[in-house]
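In: please find the sequence and the predicted model below.
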Amino acid sequence: MTRYHHDHEVVVVGGGPVGMLLSAELRLAGVDVVLVERLAERSPHSKAFGLHARSLEVLDRRGLVGRFREGARSWANGHFAGLPEWVDFSVLDSSHPYALLVQQTRTEELLEAHALESGVRILRGHEVTSIEQDDGGVTVTGTSAGGDFVARARYVVGCDGGSSPVRKASGIGFPGTGGRVTARLGDVVLTAENPPMGMERTERGLLFCVPLEDGYHRIATFDFAATKDQGEELTLDELTASMRDIWGTDLGAHDPRWLSWFTDSARLADTYRDGRLLIAGDAAHVHFPVGGQGLNLGLQDAFNLGWKLAAEVHGWAPDDLLDTYSAERRVPAARVLANTRAQIALMNPDSDVTALRDLFTALMRLDQVNLHIAEMLTGVDVTYDLGPAEHPLTGRFAHDLDLVGDGAPKRLSELLHGGTGVLLDLSGGNAVTAAYEKWAAGVTDASRLVRVSATCPGEPELAALLVRPDGYVAWAGNRDAELEAGPHAAAVRWFGTV
Ligand SMILES: Cc1cc2nc3c(=O)[nH]c(=O)nc-3n(C[C@H](O)[C@H](O)[C@H](O)COP(=O)(O)OP(=O)(O)OC[C@H]3O[C@@H](n4cnc5c(N)ncnc54)[C@H](O)[C@@H]3O)c2cc1C
């Protein structure tokens, strides 16, 4: 029996980290959004352990990074394929050149609180069972303890994980490679006194072992020889047998509070949009969780999509704006899939791979190689192809510039807290103002793009920047550039004419 029926502009399916951030972004932009999550409560188990630089920069653009940093340790290093040479993040050209050690449970708690504060309606204990789109909208049906439900929306976004019902309903292809490595994971208590720390490669596979804060250890074995049937649960006996096989001892592992297994299956959706259905996060890309990149990738999907979908809903989006989401975000996802495949290849226990690891380890001592890998793992090298551009900053994430305006110092990130675009005028002249006023005169509500005049002593050549709500530079001009037609065309291109 259908118990109730809602009409919403957007339904987000899935209340993991990506669904929570996306729905908050939509709400910030004034969209009527409901989030539907099948779990009655958040999972107590942390998959991810940390946030990387680009995610921290993104959270900073909404004033959220402070709450993530509170009580969390930061770490200047990461690893690539468990090689003995650490990746040094401190060299990153970022306002957050470190990894923040924050468990996924905490990330989810903070993002859910943020979504609720933003006014998102969250329906927990609601499982979506069918999604059908037609010309006028999408019908979502499902079940909950209170009975069946039906919701009608203009758009539905699947943030519903790797087996995404929304992606399946859309028919979007999810090509890639199946699992060849079996990872067995347990949060367990160890009796062994000095267990190994980090990743240890043997001729039988890999052992991952790190202490958790409360007497438990996270153990994972990477087994390159055996596969497991889908749906088959992992037992403690199977985990300890795998530890003995790979490491020679099971370290006295007992009292598991979480057992799970996964593979190195790597898949990328053909497109992130089919009409009124969109996908983000693991629904759009899955890969082996080496290097800690999946959640980070998903948060950045949410940031890219939120303002564009809001623009579409509000009716001011330029024709192709929503499609730029898939075009822009598939590129970094493909690169993450590629680098995780490369890491798996380097972790293979085959003796021939040992020589390759030694070579890679030596290469990583080179500053340029370290920088390349650090930028890749943290997403700091993500730039978007925004078409022909005269300025090298176009398509790049805007630096958190120190600004002086109205006598008060400000950082660029603070100007983005409201989720609007920003036309930053550092020129001291009239041309940028004229460009803005011309654009604003043509639209019914210009509040989606704010103009800010300031000076930036650290960037004396820079005259103006058009920054999208997701923090990426849509247009930039130096003092010698033409400062009226350029910013006006870019405002039209990204913020429409309606
Ligand atoms: C062992 C492990 C370690 C990892 N470590 C890291 C790391 O260090 N760093 C990192 O960046 N990433 C890491 N990842 C990856 C990261 O955990 C995922 O990328 C992240 O959880 C994806 O978030 P999401 O919101 O897209 O999907 P999910 O977290 O999978 O959330 C999807 C949500 O959708 C809900 N849902 C599904 N179907 C329905 C339905 N029909 N109706 C309603 N709700 C539904 C689910 O209940 C779930 O809450 C790791 C993954 C694993 C397995």
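Out: All right, it came through fine. Numbering: from 1, shown residues only.
In: residues from the stretch 251-400 of the chain in reach of the ligand?
Out: 262, 281-282, 289, 292-296, 298 (Cβ under 6 Å from any ligand atom). From N, CA and C alone the C-beta is placed, and that goes for glycine too.
In: can you add secondary structure and give those residues back as CSV?
Out: Below are these laid out as CSV (DSSP: H, G, I helix; E, B strand; the rest coil):
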residue, secondary structure
Phe262, strand
Gly281, helix
Asp282, helix
Pro289, coil
Gly292, coil
Gln293, coil
Gly294, helix
Leu295, helix
Asn296, helix
Gly298, helix
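In: for those residues, work out which two are farthest apart.
Out: Phe262 and Asn296 (17.5 Å; Cβ to Cβ).
In: looking at those two, which is more packed in?
Out: Asn296 (26 against 19; other Cβ atoms under 10 Å).
In: mind listing what the more buried one touches?
Out: Under the criterion of Cβ atoms under 8 Å, 6 or more residues apart in numbering, the neighbours of Asn296 are 51-52, 54-55, 378-379.
In: just give me the closest of those to Pro409.
Out: Proximity of those to Pro409 (Cβ to Cβ) peaks at Arg54, which lies at 24.5 Å.
In: next, give phi and psi for the closest one.
Out: Torsion angles at Arg54 (phi, psi; degrees, to the nearest 10) stand at phi -70, psi -40.
In: dump the residue contacts of the closest residue to it other than its chain neighbours.
Out: Distance criterion Cβ to Cβ, 6 or more residues apart in numbering; nearest residue to Arg54, sequence neighbours excluded, is Gly379 at 3.4 Å. By Cβ under 8 Å, 6+ apart, the residues touching Gly379 are 52-55, 293, 296-297, 300, 332.
In: for Val353, report the pLDDT, please.
Out: We have a pLDDT of 97 for Val353.
In: does it count as helix, strand or coil?
Out: Using three-state DSSP, the structure places Val353 in helix.
In: report the contact partners of it.
Out: When contacts are counted by Cβ under 8 Å, 6+ apart, Val353 is found next to 345-347.
In: for those, which one is nearest Phe149?
Out: Minimum distance to Phe149 across those is 44.6 Å, recorded for Met347 (Cβ to Cβ).
In: returning to what we had before: are any of the residues of the stretch 251-400 of the chain next to the ligand buried, and if so which?
Out: With burial judged by 16 or more other Cβ atoms under 10 Å, the buried subset of those is 262, 281-282, 289, 292-296, 298.
In: ranges for the helices of the stretch 251-400 of the chain?
Out: For the stretch 251-400 of the chain, applying DSSP state H, counting those that start in this stretch gives helices covering 294-314, 321-347, 351-363, 367-378.
In: and the ones you listed, which is most packed in?
Out: Ranked by mean neighbour count, these are led by helix 294-314 with a mean of 26 (mean count of other Cβ atoms under 10 Å).
In: and that one, what's its mean pLDDT?
Out: In this model, helix 294-314 carries a mean pLDDT of 98.
In: quick one: it to chain centroid distance?
Out: The chain centre lies 9 Å from the centre of helix 294-314; the measure is Cα atoms, centre = their mean, to the nearest Å.
In: just the contacts of Val353 now: which is nearest the ligand?
Out: Met347 (14.9 Å; Cβ to the nearest ligand atom).
In: distance of that closest one relative to Arg341?
Out: Using Cβ to Cβ, to the nearest Å, Met347 is found at 11 Å from Arg341.
In: report the two of the contacts of Asn296 separated the most.
Out: Leu51 and Gly379 (10.4 Å).
In: in stretch 433-440, what counts as buried?
Out: For stretch 433-440, using 16+ other Cβ under 10 Å, the buried residues are 433, 435-436, 439-440.
In: three-state assignment of Tyr436?
Out: Secondary structure, three-state DSSP: Tyr436 is helix.
In: ok so, going back, any chance of the helices of the stretch 251-400 of the chain in a markdown table, plus distance to Leu110?
Out: Output for these, formatted as a markdown table (distance: least, Cβ to Cβ, whole Å):
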| stretch | distance to Leu110 |
| --- | --- |
| helix 294-314 | 12 |
| helix 321-347 | 23 |
| helix 351-363 | 36 |
| helix 367-378 | 20 |
